[in-house]
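In: Fold the stuff below for me.
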Amino acid sequence: MITNIVNNMKYIGRSKHSGSLRLLQLFSAARELTQYDRPIFEDMRLHTLESYTVTVLQIVAPEEANERERYWIKYYNTIWPEGLNLESGGVSGKAVHQQTIVAMSSKLKSRYAVHTHPSVGRVQPDDYKQMMSSRMSGSSNPMYGKTHSADSLTRNRQSNRNKYSKPVILSTDAVSLEFDSQYAAANYLTANSVCTGNEIYVIHNIVHSCNVGKLYKGYKCTWNISA
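Out: Numbering: from 1, shown residues only. This is a model prediction of the structure:
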């Protein structure tokens, strides 16, 4: 845990390096990656290196790092604006504070209001599109003529259950449904013909809806932080 002793703002993150090295990495990145507006970077641009202390909260095995990072972020309540973490931690199923979403959206809209983004207004030539399409068509596609075995499909499904295991709530004006994972929520929507298609596609839409606060197929999707 990195603590700013001037304003008592805290940042929690996992690292395979020492705490002091991680602090130096972040402090250096804050000055080099000026295009990024992460709370920890903005805070470090306003203070000296001596303003920060490092505390090792726990040493764990690599497979436990995601869960423990989420635990300590929640324990110390360090998601911005209360702290300097942008997300709830871990690799998948991250939750972002609604106020953070609004602030980031406002900054991006103002930043690209004058069309300075390199992709704004850019259209790829038709011959380029055809070339890219041909590279992934027919025998050029790495999955051409191949199918997944039953064992492979089973492993993939189990992997998805483990990966997309964050509790979520789907609600309308009439009902509020709690699920123990995004995977379970996606299965509910497809089983009831609310939506069709690949389950990963549905899961990604649920995650997006949770993070940006938009409806998906008539449902309001929110992270169940009390679960």
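In: ok, which stretches of the chain are helices?
Out: 19-32, 39-44, 65-76, 98-111, 126-135, 150-163, 182-191, 199-212 (DSSP state H).
In: mind putting those in a markdown table, distance to Ala174 and mean neighbour count included?
Out: In short, each C-beta sits where N, CA and C put it, glycine included. Putting the helices of the chain into a markdown table (distance: least, Cβ to Cβ, whole Å; neighbours: other Cβ atoms under 10 Å) gives the following:
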| stretch | distance to Ala174 | mean neighbour count |
| --- | --- | --- |
| helix 19-32 | 46 | 15 |
| helix 39-44 | 38 | 20 |
| helix 65-76 | 31 | 17 |
| helix 98-111 | 23 | 12 |
| helix 126-135 | 44 | 10 |
| helix 150-163 | 28 | 12 |
| helix 182-191 | 15 | 20 |
| helix 199-212 | 18 | 18 |
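In: Which of the ones you listed comes out lowest on mean pLDDT?
Out: Mean pLDDT is lowest for helix 98-111 out of those, coming in at a mean of 67.
In: give the contact list for Val54.
Out: Met1, Ile2, Thr3, Gly19, Ser20, Arg22, Leu23 (Cβ atoms under 8 Å, 6 or more residues apart in numbering).
In: of the residues you listed, closest to Asn192?
Out: Proximity of the contacts of Val54 to Asn192 (Cβ to Cβ) peaks at Met1, which lies at 43.4 Å.
In: Can you report how many residues neighbour the closest one?
Out: Using other Cβ atoms under 10 Å, Met1 has 18 neighbouring residues.
In: Domain map for this protein?
Out: If you go by automatic domain parsing, the domain ranges for the chain are 2-94, 163-227.
In: How many residues are close by Leu33?
Out: Counted with other Cβ under 10 Å, residues neighbouring Leu33 total 11.
In: next one: the one 4 residues further on
Out: The burial metric for Asp37, expressed as a neighbour count using other Cβ under 10 Å, is 14.
In: likewise Lys217?
Out: Lys217 has 13 nearby residues by other Cβ under 10 Å.
In: tell me the contacts of it?
Out: Residues near Lys217 by Cβ under 8 Å, 6+ apart: Leu189, Val194, Cys195.
In: Distance check, the closest residue to the second one other than its chain neighbours against Leu46.
Out: Nearest in space to Val194, with sequence neighbours left out and distances taken as Cβ to Cβ, 6 or more residues apart in numbering, is Lys217 at 5.1 Å. Note on Lys217: its distance to Leu46, by Cβ to Cβ, to the nearest Å, is 43 Å.
In: go on, Leu33?
Out: Look at Leu33 and Leu46: by Cβ to Cβ, they are 16 Å apart.
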